[in-house]
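>>> 3D model of this:
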Amino acid sequence: MSNETLEKTIAAGTTATSTFASTSGGTGTHAGSENGNGGLLNPEQSARFLDYMFDATVIGKVARTVRMRADTAEIDRMSVGEKLMKLATEGDDTASNAAVTFSKISLTTKKLRLDWELSTESLEDNIEGADLEDHIARLMATQAGNDIEDVILNGVGSGSDPLYKAFQGVVAKAKANGRVVAGAGAGVSRELFNKALKAMPRKYMQRRGDLRFLAGSNLIQDFLYANSIGTNQTIPQDIASSVIRGATPGLGGAAGYVAPFAFGIPIVEVPLLPETQTGTYSSPSGSHGDIHLTFPNNVVIGIKRDVTVYRFFQPRKDTIEYTMYTRVGVQIEQADAWVVVKNVKVAS
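Model prediction:
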């Protein structure tokens, strides 16, 4: 694919992989080269590529994304606390000045890689012909987005898993630094949503309309099933909510629709949230998941602008190898505004 064709493809928002004319042997060159094996995409192309990757994700659409030029960035925060005003007494100047607290959170990215290859026969013998190469590239871009969302949610920063060991995801960060409520093996119910709301500090409840519950697909299904009544198996409060609020649009992508409301707060389906945990209370059995309550933009995803895509022909294997690199990181901006109800039993 020529550079001109690549730019048109990126502008159309279809894919942003640099499939340039390849040479046997040697190393990849920058995208401006006439001959080479791929290379560094320019900032506009990188932005288009990242947007395409996140089209099929949920967290990528609701979280705050920071396009970083360096591998590490610091995000400034400030707070003024609660209840600062006092009774004013005539002639009294002994009152102390209120202090504004400044702090920073660090957002560090880790280098991630995606590899795939196509044989010459697959390009020659399929019904799409040469278009198969771009078709596969689009599929890989989508998969890259799914895998990035997976590690953003479920990364642990250690262990043997080649993806999860990259860094700690928001689930691990929230359980370590947020407000944790024990589900103790109970099934999903109004009681657990009520406990989550009670655990949220009152200063954040003034923005109640911006809060969201996040839960996995099976826990949402359990909640719908447990609260289904009537001949058509619907939830009356959902119908009332739809009438009052109007139709609630989905977030786009493969999932992420808003399911029911729990005490007026939408529950957003996040399919990649883990629901096969063994439980961390006494005598756990079966699979467990978590219910999260927070502001969606409390999740800060850092993506370094530079995206490299290499295309390399291997003569001995008669295949074309592709390698994509990017740098990703995640941070919770305000852990105090994150409630996790853990050890919620998933019905068998």
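>>> where do the strands sit along the protein?
Using DSSP state E, the strands found in the chain span residues 38-40, 64-68, 72-79, 101-108, 110-119, 179-182, 212-215, 258-262, 265-269, 288-294, 299-304, 308-314, 319-332, 339-345.
>>> Can you add distance to residue 133 and mean pLDDT and give the ones you listed back as CSV?
C-betas here are computed from N, CA, C, even on glycine. Below are the strands of the chain laid out as CSV (distance: least, Cβ to Cβ, whole Å; pLDDT from 0 to 100):
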stretch, distance to residue 133, mean pLDDT
strand 38-40, 12, 56
strand 64-68, 28, 85
strand 72-79, 35, 76
strand 101-108, 34, 80
strand 110-119, 6, 90
strand 179-182, 48, 96
strand 212-215, 37, 94
strand 258-262, 37, 72
strand 265-269, 34, 89
strand 288-294, 39, 97
strand 299-304, 25, 89
strand 308-314, 9, 83
strand 319-332, 8, 90
strand 339-345, 43, 96
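>>> And those strands: which comes nearest residue 132?
Relative to residue 132, the nearest member of the strands of the chain by Cβ to Cβ is strand 110-119, separated by 7.4 Å.
>>> Direction included, what does the closest one pair up with?
Next to strand 110-119 in the sheet, as set by DSSP bridges, lie strand 319-332 (antiparallel).
>>> Could you check the strand it pairs with and say which residues are buried?
Residues 319-324, 326-332 are the ones in strand 319-332 that count as buried (16 or more other Cβ atoms under 10 Å).
>>> List just the nearest of those to residue 262.
residue 332 (21.6 Å).
>>> so who does the residue nearest to the closest one when sequence neighbours are not counted touch?
Computed as Cβ to Cβ, 6 or more residues apart in numbering, the closest residue to residue 332 that is not its neighbour in sequence is residue 173, at 5.1 Å. Residues near residue 173 by Cβ atoms under 8 Å, 6 or more residues apart in numbering: 330, 331, 332, 335.
>>> Kindly report the same for residue 292.
Shown in contact with residue 292 (Cβ under 8 Å, 6+ apart): 171, 174, 213, 214, 215, 273, 338, 339, 340, 341.
>>> So what sits opposite it in the bridge?
residue 214, residue 340.
>>> Please apply the same query to the one 10 residues further on.
Taking DSSP bridges, one obtains residue 66, residue 329 as the residues bridged to residue 302.
>>> Spatially nearest residue to residue 304, not counting backbone neighbours?
Nearest to residue 304 is residue 327, by Cβ to Cβ, 6+ apart, at 3.7 Å.
>>> Please report how far that neighbour lies from residue 283.
Going from residue 327 to residue 283 by Cβ to Cβ, to the nearest Å gives 43 Å.
>>> wouldn't residue 332 be in contact with residue 177 here?
Yes: assessed by Cβ atoms under 8 Å, residue 332 is found in contact with residue 177 at 6.9 Å.
>>> any residues in contact with both of the two?
When contacts are counted by Cβ under 8 Å, 6+ apart, residue 332 and residue 177 have residue 338 as shared neighbours.
>>> And the residue nearest the centre of the chain, how far from residue 263?
Closest to where the C-alpha atoms of the chain average out (Cα atoms, centre = their mean) is residue 59, at 3.2 Å. Going from residue 59 to residue 263 by Cβ to Cβ gives 23 Å.
>>> Could you do residue 329 as well?
33 Å.
>>> could the strands of the chain be laid out in a markdown table, adding distance to residue 149?
Converted to a markdown table, those look like this (distance: least, Cβ to Cβ, whole Å):
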| stretch | distance to residue 149 |
| --- | --- |
| strand 38-40 | 24 |
| strand 64-68 | 12 |
| strand 72-79 | 20 |
| strand 101-108 | 17 |
| strand 110-119 | 12 |
| strand 179-182 | 23 |
| strand 212-215 | 12 |
| strand 258-262 | 18 |
| strand 265-269 | 13 |
| strand 288-294 | 15 |
| strand 299-304 | 9 |
| strand 308-314 | 20 |
| strand 319-332 | 10 |
| strand 339-345 | 18 |
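>>> out of these, which comes closest to residue 93?
Closest of the strands of the chain to residue 93 is strand 101-108, at 23.9 Å (criterion: Cβ to Cβ).
>>> and residue 309, bridged to which residues?
Residue 309 has the following beta-bridge partners by DSSP bridges: residue 39, residue 324.
>>> ok, now which ones touch residue 121?
residue 318.
>>> Hmm, I typed the wrong one, I wanted residue 210.
295, 296.
>>> One more pass at 10 Å, please.
Listed by Cβ atoms under 10 Å, 6 or more residues apart in numbering, the contact set of residue 210 reads 204, 265, 294, 295, 296, 297, 298.
>>> Count the neighbours of the first one for me.
Other residues within reach of residue 204 by the criterion other Cβ atoms under 10 Å amount to 19.
>>> what's the distance between it and residue 303?
27 Å.
>>> can you give me the helices for the protein?
Counting by DSSP state H, the chain has these helices, from start to end: 3-11, 43-53, 59-62, 120-125, 131-154, 170-177, 190-199, 202-205, 217-226, 236-245.
>>> was I right about residue 274 contacting residue 289?
Yes: in this structure, residue 274 is within contact of residue 289 by Cβ atoms under 10 Å, at 6.5 Å.
>>> Perfect, that will be all.
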